[in-house]
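Trainee: Attaching a predicted model along with its sequence, questions to come.
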Amino acid sequence: MQKPHVALLSSPGLGHLIPVIELGKILALHYNFKVTILAVTSQTSQAESHVLKSAISSVVNFCDFLDIPPADLSGLLENEAAVVERLCVVMRETKGAVRSVISNMTHLPSVLIVDIFGSECLSLAQEFGMLKYIYVASNAWFFSLLLYTPILDKQVQGQFVDQKEALEIPGCSPVRPEDVVDPMLDRNNRQYQEYVGVGMGMVKGDGILVNTWEQLQYRDLQSLRDENLLGGMLKVPVYAIGPLVRAPEPPTSSTVELLGWLDQQPSESVVYVSFGSGGTLSYEQTVEVACGLELSQLRFVWVVRRPNSGRADSAYFSIGDGRGRENDDVSNYLPEGFKERTHKVGKLVPQWAAQATILRHPSVGGFVSHCGWSSVLEGITNGVPMICWPLYAEQRMNATLLAEELKVGVKPKVLPAKKVVGREEIARMMRDIMEGEPNPIRERARELKESAAMAMKIGGSSFTALDDVAKQCNESLRHVHKQN
């Protein structure tokens, strides 16, 4: 019997590619589908390349993996163009290359799944007679705002960040002006118009896949399905299929050494500090984080990256080949003597660490995170409470969701992307999530870990949703046969 051939298209960036890879794994391993991952690539640092190679090696035995170099963007973008603008232009200009790759396949895919920035390529699915899905690698609340932004664009006068009241999304929690996603910070920027276009493209799929689960975001998911609320805009099924998270990375010499140190630490005593593959801190903020760690007197593992000289997302699209930076002495960015004073209680890791492996280690009891959704899910599925440190993209919404609704983390009093968070507050937040018994934040983290596991078990809500998607994919074969 012929099996469905599913093509998954990922826009540039590890935060998009890794969730696509994890979805591809499930479709290939659990449903025996033929899976081809189409990855639009971008320049990466050596550290990011390591993650990318590890992710690719985890699927090569059961998925085809095709790199699609991005189109030449000379003259189409300014050097300082923001991330969302770059992603939209890259994916739009690469559409022809994607079409060429698909048309040259020996066996035409019967299903095309794209991430939110690939919605313009859904017309290719129409052209080739394929079933088409949009995969939201973030959460349902963020997706609700994205879907509703074209309406807000007409309703709201002036800048969103200047509004006195929260932005209302039918059936969902309102979004405070200070929590809006980066493209909504300035309506006069080209990035905003691109973002509105992405929102309008969300209605083009035959279904929406969201990397969350029913129990975690029941209200937002129901509003997306309710024909009298946001469901009236979609008119297609919404499947909560998460949490899809990456497996622990293969061991390396540096990982083995770090895990050996973690093995010697007491249970849930170590704070893991990482700001993601695309995020960076200013020099002043890097110093305050160091002083906060020292002040807290807690054990830690800190992934240290060269401070930025401008935007917090400056590492998202790496410039140059990054050679030499991975070998930088991190002491150059830290207070004098910090490394020597903390060497018994802390580990400094330059540029990159095996996050999925570290977070599942029994000695890790807290996570200082930039709140990228992939990192959030890795924290939740391991039952690790978080200090929510949003830097860009939708991370402010994620931080608010974690700290105020899910109660699995704490936030600083000021937005880290706007002001420097002081060492005393950093130390206090670390104690809030690490100390005290019982600790309500830690107890909540354990509850959500169990909830996530139940969703993915046989008969769980996400397992059932994936089954429904798989059935639709099987049905899609008939359409391809008719097309041919």
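Mentor: Good, I have the coordinates.

Trainee: low-confidence ranges in the stretch 301-450 of the chain?
Mentor: 310-328 (pLDDT under 70).

Trainee: which residues in it form helices?
Mentor: 338-342, 355-359, 373-381, 395-400, 423-434, 440-456 (DSSP state H, counting those that start in this stretch).

Trainee: Mind checking these for the one nearest to Gln222?
Mentor: helix 440-456 (15.8 Å; C-beta to C-beta). From N, CA and C alone the C-beta is placed, and that goes for glycine too.

Trainee: which residues sit against the closest one?
Mentor: Residues outside helix 440-456 that contact it (C-beta atoms under 8 Å, 6 or more residues apart in numbering): 213-216, 240, 242-243, 268, 365, 377, 379-385, 406-410, 432-433, 460-463.

Trainee: tell me the angle of that helix relative to helix 373-381?
Mentor: Relative orientation of helix 440-456 versus helix 373-381 (axes from the mean of the first three to the mean of the last three C-alpha atoms, to 10 degrees): 100 degrees.

Trainee: So for the following helix or strand past helix 440-456, what gets flagged as buried?
Mentor: Note on helix 440-456: by DSSP states H and E, the next helix or strand toward the C-terminus is helix 461-483. For helix 461-483, the buried set under the neighbour-count rule, 16 or more other C-beta atoms under 10 Å, comprises 461-467, 469-470, 472-474, 476-477, 480.

Trainee: so which of the helices of the stretch 301-450 of the chain comes closest to Gly276?
Mentor: Per C-beta to C-beta, nearest to Gly276 of the helices of the stretch 301-450 of the chain: helix 373-381, 6.1 Å.

Trainee: where does the stretch 1-150 of the chain have low pLDDT?
Mentor: 1, 43-51.

Trainee: for the stretch 151-300 of the chain, same thing?
Mentor: For the stretch 151-300 of the chain, no stretch is flagged by pLDDT under 70.

Trainee: As a check, name the ranges of all helices in it.
Mentor: Counting by DSSP H, counting those that start in this stretch, the helices of the stretch 151-300 of the chain are 190-201, 218-225, 231-234, 253-263, 283-296.

Trainee: quick one, which of these is nearest to Asp162?
Mentor: With C-beta to C-beta as the yardstick, what comes closest out of the helices of the stretch 151-300 of the chain is helix 190-201 (14.1 Å).

Trainee: Now find how far off-centre that closest one is within its chain.
Mentor: Relative to its parent chain, helix 190-201 has a centroid offset of 19 Å by C-alpha atoms, centre = their mean, to the nearest Å.

Trainee: Now do the same contact list for the residue nearest to Val289 when sequence neighbours are not counted.
Mentor: Nearest residue to Val289, sequence neighbours excluded (C-beta to C-beta, 6 or more residues apart in numbering): Ile426, at 6.2 Å. Shown in contact with Ile426 (C-beta under 8 Å, 6+ apart): 288-289, 291-293, 295-296, 387, 412.

Trainee: Let me see the domain layout of the chain.
Mentor: 5-246+456-483, 253-448 (automatic domain parsing).

Trainee: Run through the residues that contact Val98.
Mentor: By C-beta under 8 Å, 6+ apart, the residues touching Val98 are 9, 38, 40, 68, 121, 124.

Trainee: JSON lines please, covering these and showing distance to Leu52, secondary structure and neighbour count.
Mentor: Listed next are those as JSON lines, based on distance: C-beta to C-beta, whole Å; DSSP: H, G, I helix; E, B strand; the rest coil; neighbours: other C-beta atoms under 10 Å:
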{"residue": "Leu9", "distance to Leu52": "16", "secondary structure": "strand", "neighbour count": "29"}
{"residue": "Leu38", "distance to Leu52": "15", "secondary structure": "strand", "neighbour count": "25"}
{"residue": "Val40", "distance to Leu52": "13", "secondary structure": "strand", "neighbour count": "27"}
{"residue": "Ile68", "distance to Leu52": "14", "secondary structure": "strand", "neighbour count": "17"}
{"residue": "Cys121", "distance to Leu52": "21", "secondary structure": "helix", "neighbour count": "25"}
{"residue": "Leu124", "distance to Leu52": "25", "secondary structure": "helix", "neighbour count": "23"}
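
Trainee: Export those residues to a markdown table and append columns for distance to Asn332.
Mentor: What follows is these, written out as a markdown table (distance: C-beta to C-beta, whole Å):
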| residue | distance to Asn332 |
| --- | --- |
| Leu9 | 40 |
| Leu38 | 40 |
| Val40 | 34 |
| Ile68 | 37 |
| Cys121 | 43 |
| Leu124 | 48 |
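
Trainee: Kindly check the end-to-end length of stretch 150-163 for me.
Mentor: 17 Å (C-alpha to C-alpha, to the nearest Å).

Trainee: one step back: nearest to Thr94, of the helices of the stretch 301-450 of the chain?
Mentor: helix 373-381 (22.5 Å).

Trainee: Distance from the closest one to the middle of the chain?
Mentor: For helix 373-381 - counting by C-alpha atoms, centre = their mean - the centre lies 9 Å from the chain centre.

Trainee: what's in contact with it?
Mentor: Taking C-beta under 8 Å, 6+ apart as the rule, helix 373-381 contacts 14-15, 18-19, 137-139, 142, 211, 242-246, 274, 276, 355-356, 359, 367, 369, 385-386, 394, 398, 402, 408, 445, 448-449, 452-453.

Trainee: hang on, the earlier thing: need the helices of the stretch 151-300 of the chain in TSV with distance to Ala166 and mean neighbour count, can you?
Mentor: TSV is the format used below for these (distance: least, C-beta to C-beta, whole Å; neighbours: other C-beta atoms under 10 Å):
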stretch	distance to Ala166	mean neighbour count
helix 190-201	18	20
helix 218-225	15	20
helix 231-234	20	16
helix 253-263	41	13
helix 283-296	28	20
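
Trainee: Ok, which of those helices comes nearest Pro416?
Mentor: Once those are compared by C-beta to C-beta, helix 283-296 is nearest, at 7.0 Å.

Trainee: residues touching Gly158, list them.
Mentor: Counting by C-beta under 8 Å, 6+ apart, Gly158 has no contacts.

Trainee: Quick check: it vs Ser369, distance?
Mentor: To Ser369, Gly158 is 32 Å away according to C-beta to C-beta, to the nearest Å.
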